[in-house]
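> Here's my sequence, what's the structure:
(one chain, ligands or ions: 2)
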Amino acid sequence: MPTSRFQIGDTVMGRWPGSNLYYEVKVLSYDNKTLLYTVIYKDGTELELKESDITSLTIFKQGVARSRSRSRSRSPGRPRRSRSRSPARTSRRSSSRTTDVRKEKLKEVLEVRLTPVVRRLEKTETESENQAGGRYNLRRRKDQGDGKTVELEQKTETEVLTQTKPPTAIKTTDLEFGGRVGVFFLMFLLPVAVLALHILCGQKDASLQSFPLEIPSLQSLWDWQVFGIVLLWLLFQAVLSLLPVGKLVEGMPLKNGKTLKYRINGFYALLLTAVAVGVAVYQEVDLSYIHAHFLQFYTSALLIVTLLSVYLFVRSRWASEDELAPGGNSGYIIYDFFMGRELNPCIKNFDIKFFCEMRPGLMGWVLINFAMLQAEMKHQNLENPSPAMLLVNIFQLLWVVDGFWHEEKLLTMMDIVYDGFGFMLTFGDLTFVPFTFTCQAYYLVSHPNELSVFWIITLITMNGVGYYIFRKANSQKFAFRKNPSDPAVSHLKTIPTATGKSLIVSGLWGWVRHPNYLGDIIMGLAWSLPCGFNHLIPYFYLIYLFTLLVHRNARDECQCRKKYGSAWEEYCKAVPYRIFPGIY
Ligand SMILES: NC(=O)C1=CN([C@@H]2O[C@H](COP(=O)(O)OP(=O)(O)OC[C@H]3O[C@@H](n4cnc5c(N)ncnc54)[C@H](OP(=O)(O)O)[C@@H]3O)[C@@H](O)[C@H]2O)C=CC1
Ligand SMILES: CC(C)CCC[C@@H](C)[C@H]1CC=C2C3=C(CC[C@@]21C)[C@@]1(C)CC[C@H](O)C(C)(C)[C@@H]1CC3
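Ligands and ions are numbered 1, 2, ... in the order given. All right, here's what the predicted structure looks like:
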């Protein structure tokens, strides 16, 4: 192996593909043609790595030691922000220089990456465990009796430190949604599809055969007063989100080691919004105004989404590389505009993405549903809302309340940790959620549907079952990631992975690989069925959810395969179905 830097049998630190995590590996061979090293991880996983993904133990330890001494002298507050020393930049530049320079740069990379987390080690053990999403053990433990494996036995500093890093913002090469052409069409199709949905839901003949639809006049699409109301709504929700009530929680560590702080007060904001709406209704504000001006509300929201997306794209030009999302950095303007370049665009401490993801959209959804309930009573001259309308309102309210009750969990989700904030998410959060998730209630205003007692009980049971699966699966995974030895989840069987995290392979997560998606889809069905079978249009949410979750499942599995390698394959063998047991 004359040209290789590392020799067969050397113990070195190897980067886990697709991440910033370094683990101890042994060099098994070197291929002069492909310039790849075959290395073996401590759990037996063999992989081929590039030289740039390997570093010697000495250099790695020096990096850790230096970072430790530096961090102690630093203030315990927010870590220093350093544009010029961004890890991504440093590592990119270093690749074109000499080996010595590379070594020096690598030390720097490790130093910068590790520093802030050393600070975390000075906290209590529980804190560091929570932040790291669990503790990590590189050794694959021998199975114990029932084949159950236990995580975390031994925790080295480096393991915890490196594990907490999110993926690097290298140039995005795997384009999703059909690449540039796909997103270009999506960007026009999505708003038009939502508009068509509105027109269909609102007209007497809601059948798909009523195409081509009557195009609404431009005048009927715009109203300055409605635009003002939408702006006020956004402002009101932003103010509520800044209220100093509720706990302050640290988000997942960013690439530069920095963590952002989030005020978890969504549930209080929901209560305050309910009080404000209650007062308005008491003051005889007619909420059916929203129904009467629904299209104008939609176009106002769409204009705000477009302006916000442009603002986000423009400001991302000044973002440092470590502030960029891994998925929206292709260099193609259209694609990056759609996917979003910046991971967590903030104005001071206000994270725009975190705010938009739930607040205005989910609260708006509940408010619009309630407005539709009032509109139904008005239009159909009812003294009380119909059972169908009540079920839709209650089922969806339960889901939204649940979302706000567990708001903190959003911080660990793919949308916050991985996806950029661009047109797709702004449109999804601020228009798609409030203006399509409400389609059942909107439909019921002009398409009454009688429900028998049997049907009502069946729908309540269906929603209950779906909710139980959704909640239990999500809570179990969250509790397990937070602390695998938590008595509530410690009985679960697991598959260890080379990253040190384990995969649950029993209970709901041993039934299908995404039980939470299954629960969500069952609920989605229970939300549409109250509208009867006359038209397909109230099933829009179900169709959307099914498509989104199947696509999301594929995205997530692709990431998990990269992260967990052979352990993920083992999990797929043990749990062959993705979402629907015995079917898919
Ligand atoms: N109604 C709607 O419009 C939408 C609803 N949702 C809902 O949001 C919820 C969250 O969804 P989402 O964030 O997509 O995905 P999940 O909550 O399912 O998270 C997937 C992650 O869980 C971890 N994981 C996967 N399998 C296992 C296992 N066996 N044991 C332990 N950890 C595992 C992996 O991350 P790691 O190992 O890194 O922890 C994986 O990346 C779902 O209930 C979904 O239905 C989502 C999107 C839209
Ligand atoms: C085709 C569209 C442009 C796609 C838009 C997708 C978005 C509407 C959804 C993507 C993931 C979402 C989640 C929630 C709302 C819908 C979007 C934004 C969620 C915040 C709702 C509340 C839940 O409790 C949750 C589990 C936290 C949801 C997380 C994902």
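> alpha carbons only for contacts and neighbour counts from here, please
Fine.
> Need phi/psi at the residue at minimal distance from the centre of the chain.
Taking CA atoms, centre = their mean as the criterion, Asp415 is the residue nearest the geometric centre of the chain, at 2.4 Å. Phi and psi for Asp415, reported as degrees, to the nearest 10, are phi -60, psi -40.
> Then Cys346?
Per degrees, to the nearest 10, the backbone of Cys346 is at phi -120, psi 150.
> again with Thr426
phi -60, psi -40.
> So it sits against Phe354, correct?
No. With contact defined as CA atoms under 8 Å, Thr426 does not count as touching Phe354 (10.8 Å).
> the more surrounded of the two?
When Thr426 and Phe354 are compared for neighbours, Thr426 comes out ahead with 26 against 18, by other CA atoms under 10 Å.
> Against ligand 1, how distant is that one?
13 Å (CA to the nearest ligand atom, to the nearest Å).
> Strands along the stretch 351-500 of the chain, start to end?
494-496 (DSSP state E, counting those that start in this stretch).
> for the chain, same thing?
Assigned by DSSP state E, the chain shows strands spanning 11-15, 22-31, 36-41, 46-50, 54-56, 247-250, 261-264, 346-347, 350-351, 494-496, 502-504.
> The third one to strand 46-50, inter-axis angle?
Read that as strand 36-41. Angle between the axes of strand 36-41 and strand 46-50 is 140 degrees (criterion: axes from the mean of the first three to the mean of the last three CA atoms, to 10 degrees).
> What pLDDT is listed against Lys255?
Note for Lys255: predicted pLDDT of 75.
> The residue of the stretch 151-300 of the chain found nearest ligand 2: how many residues sit nearby?
The minimum distance from the stretch 151-300 of the chain to ligand 2, using CA to the nearest ligand atom, falls at Leu190 (6.8 Å). Close neighbours of Leu190, defined as other CA under 10 Å, add up to 15.
> which residues touch the residue nearest to Leu411 when sequence neighbours are not counted?
Spatial nearest neighbour of Leu411, excluding adjacent residues (CA to CA, 6 or more residues apart in numbering): Gly251 at 5.8 Å. Each residue near Gly251 by CA atoms under 8 Å, 6 or more residues apart in numbering is listed here: 259-262, 411-412.
> pLDDT and distance to ligand 1 for those residues - can I get that in TSV?
Listed next are the contacts of Gly251 as TSV, based on pLDDT from 0 to 100; distance: CA to the nearest ligand atom, whole Å:
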residue	pLDDT	distance to ligand 1
Thr259	84	18
Leu260	86	19
Lys261	90	20
Tyr262	93	18
Leu411	90	10
Thr412	86	8
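> ok, and the most crowded of those?
Counting by other CA under 10 Å, top hit in the contacts of Gly251: Tyr262 with 21 neighbours.
> That one reaches Met252, doesn't it?
No. Counting by CA under 8 Å, Met252 is not a contact partner of Tyr262; they are 10.6 Å apart.
> one step back: in a markdown table: the strands of the chain, plus distance to Tyr298.
A markdown table is the format used below for the strands of the chain (distance: least, CA to CA, whole Å):
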| stretch | distance to Tyr298 |
| --- | --- |
| strand 11-15 | 47 |
| strand 22-31 | 48 |
| strand 36-41 | 53 |
| strand 46-50 | 50 |
| strand 54-56 | 52 |
| strand 247-250 | 33 |
| strand 261-264 | 28 |
| strand 346-347 | 26 |
| strand 350-351 | 24 |
| strand 494-496 | 46 |
| strand 502-504 | 42 |
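> just so I know, which of those strands lies nearest Ser241?
strand 261-264 (7.3 Å; CA to CA).
> What pairs with that closest one, parallel or antiparallel?
Paired strands of strand 261-264, with direction, are strand 247-250 (antiparallel) (DSSP bridges).
> List the buried residues in the strand it pairs with.
Glu250 (16 or more other CA atoms under 10 Å).
> can you list contacts of that strand?
With CA under 8 Å, 6+ apart, strand 247-250 has contacts from 131, 259-265, 408.
> As PDB, could you dump the C-alpha coordinates of stretch 363-377?
Extracted C-alpha coordinates of stretch 363-377, given in PDB (Å, rounded to 0.1, in the frame of the first residue of the first chain):
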ATOM      1  CA  MET A 363     -54.300  27.700  15.300                       C
ATOM      2  CA  GLY A 364     -55.800  29.000  12.100                       C
ATOM      3  CA  TRP A 365     -57.000  25.500  11.200                       C
ATOM      4  CA  VAL A 366     -59.000  25.300  14.500                       C
ATOM      5  CA  LEU A 367     -60.300  28.800  14.100                       C
ATOM      6  CA  ILE A 368     -61.500  28.200  10.500                       C
ATOM      7  CA  ASN A 369     -63.100  24.900  11.500                       C
ATOM      8  CA  PHE A 370     -65.000  26.800  14.200                       C
ATOM      9  CA  ALA A 371     -66.000  29.500  11.700                       C
ATOM     10  CA  MET A 372     -67.300  26.800   9.400                       C
ATOM     11  CA  LEU A 373     -69.400  25.400  12.200                       C
ATOM     12  CA  GLN A 374     -71.000  28.800  12.700                       C
ATOM     13  CA  ALA A 375     -71.500  29.200   8.900                       C
ATOM     14  CA  GLU A 376     -73.200  25.800   8.800                       C
ATOM     15  CA  MET A 377     -75.700  26.800  11.400                       C
END
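> interface residues of the stretch 351-500 of the chain facing ligand 2?
357-358, 403, 410, 424, 427-429, 432-433 (CA under 6 Å from any ligand atom).
> Now tabulate those residues in CSV and tack on pLDDT, distance to Asn329 and neighbour count.
As requested, these are exported to CSV (pLDDT from 0 to 100; distance: CA to CA, whole Å; neighbours: other CA atoms under 10 Å):
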residue, pLDDT, distance to Asn329, neighbour count
Glu357, 95, 21, 20
Met358, 94, 25, 20
Gly403, 96, 30, 18
Leu410, 90, 23, 17
Met424, 95, 14, 21
Phe427, 97, 19, 24
Gly428, 96, 20, 19
Asp429, 96, 21, 22
Phe432, 96, 24, 22
Val433, 96, 26, 20
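> Model confidence at the residue nearest to Leu411, what's the number?
86.
> And it, how close does it get to Val417?
9 Å (CA to CA, to the nearest Å).
> Need the residues touching each of those two.
Common neighbours of Gly251 and Val417, counting by CA under 8 Å, 6+ apart, are Leu411.
> what about the closest residue to Leu459 other than its chain neighbours, how many neighbours?
Spatially, and ignoring its direct neighbours in sequence, Leu459 is nearest to Ala526 (5.5 Å; CA to CA, 6+ apart). A total of 24 residues lie near Ala526 under the criterion other CA under 10 Å.
> Also Asp53?
With other CA under 10 Å as criterion, Asp53 counts 15.
> what sits against it?
14-15.
> and if you look at Gln380?
Val445.
> So which residues on the stretch 351-500 of the chain come close to ligand 1?
So far as CA under 6 Å from any ligand atom goes, the stretch 351-500 of the chain lies against ligand 1 at 413-414, 470, 474, 477.
> Noted, bye for now.
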